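In: sequence isn't available, so here's the structure alone:
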């Protein structure tokens, strides 16, 4: 079972998640981090910036990238990662990769990204969010649990959810390159965050439901080192919420 921590709000979640990252970087200054985009991880990145750590040697890999946006588009994940992660945290932009950024053929972008992650030694800690469809990265329902980085077609539900970042739904790309579920499982540690009632069903399915490609986030149950950080609203469908609270409040000294 994943370690589930139920917190008051996004800011508390960000402080806790940033502490996990700080611990990894404290042991390994050139740690490899996996970065998620969207609104969910922003409190984590803010809290990490407040720690004023030297992260100049940290290497990073984004989970995904849209296909079809013009270079420099403000909602490309390269631009988002630069704006919300690289610059606030003082990362070296040359050490942070986004799928498809090597300039090679699009058809080979997934294989190239997998190779780059392997050559970096693998991801030490991967930050994740979860969509209302249960997707992590852009692995939509039906994705293979062993999938590598590859091109995917986005569901209309995901496009509608992401339309708030664009002028209109028509501007939201229909395709992306995303790390696969198999790629995510190879990270040494996962930290998944979710906030709000709209995520409650997906969280419950990911943590307590069957492992199924119909709810891609459930693949985290196959990983030995997972922390799930959720607010009360996102935890509202968890059958074992009381146990998760009790376990966190009574963790042993070496776990703190």
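Out: All right, it came through fine. Everything numeric here is computed off the predicted structure, so don't read it as measured data.

In: which residue ranges of the protein form strands?
Out: Along the chain, the segments classed as strands by DSSP state E run 3-7, 32-35, 59-62, 64-67, 96-97, 125-128, 150-153, 175-178, 190-194, 226-231.

In: which of the ones you listed is buried the deepest?
Out: Highest mean neighbour count among the strands of the chain (mean count of other C-beta atoms under 10 Å): strand 190-194, with a mean of 26. Just so you know, the C-beta spots here come from the backbone N, C-alpha and C atoms, and that holds for glycine as well.

In: just give me the residue closest to the centre of the chain.
Out: In the chain, the C-alpha nearest the mean C-alpha coordinate belongs to residue 128, at 2.1 Å (C-alpha atoms, centre = their mean).

In: picking up where we left off before, dump the strands of the chain into TSV; add mean pLDDT and distance to residue 244 as well.
Out: What follows is those, written out as TSV (pLDDT from 0 to 100; distance: least, C-beta to C-beta, whole Å):
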stretch	mean pLDDT	distance to residue 244
strand 3-7	98	4
strand 32-35	98	24
strand 59-62	98	29
strand 64-67	97	29
strand 96-97	98	33
strand 125-128	98	18
strand 150-153	96	31
strand 175-178	98	29
strand 190-194	98	13
strand 226-231	98	9
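
In: with distance to residue 89 as extra columns, can I get these in JSON lines?
Out: Shown next, in JSON lines, are the strands of the chain (distance: least, C-beta to C-beta, whole Å):
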{"stretch": "strand 3-7", "distance to residue 89": "22"}
{"stretch": "strand 32-35", "distance to residue 89": "10"}
{"stretch": "strand 59-62", "distance to residue 89": "9"}
{"stretch": "strand 64-67", "distance to residue 89": "19"}
{"stretch": "strand 96-97", "distance to residue 89": "10"}
{"stretch": "strand 125-128", "distance to residue 89": "12"}
{"stretch": "strand 150-153", "distance to residue 89": "28"}
{"stretch": "strand 175-178", "distance to residue 89": "23"}
{"stretch": "strand 190-194", "distance to residue 89": "16"}
{"stretch": "strand 226-231", "distance to residue 89": "19"}
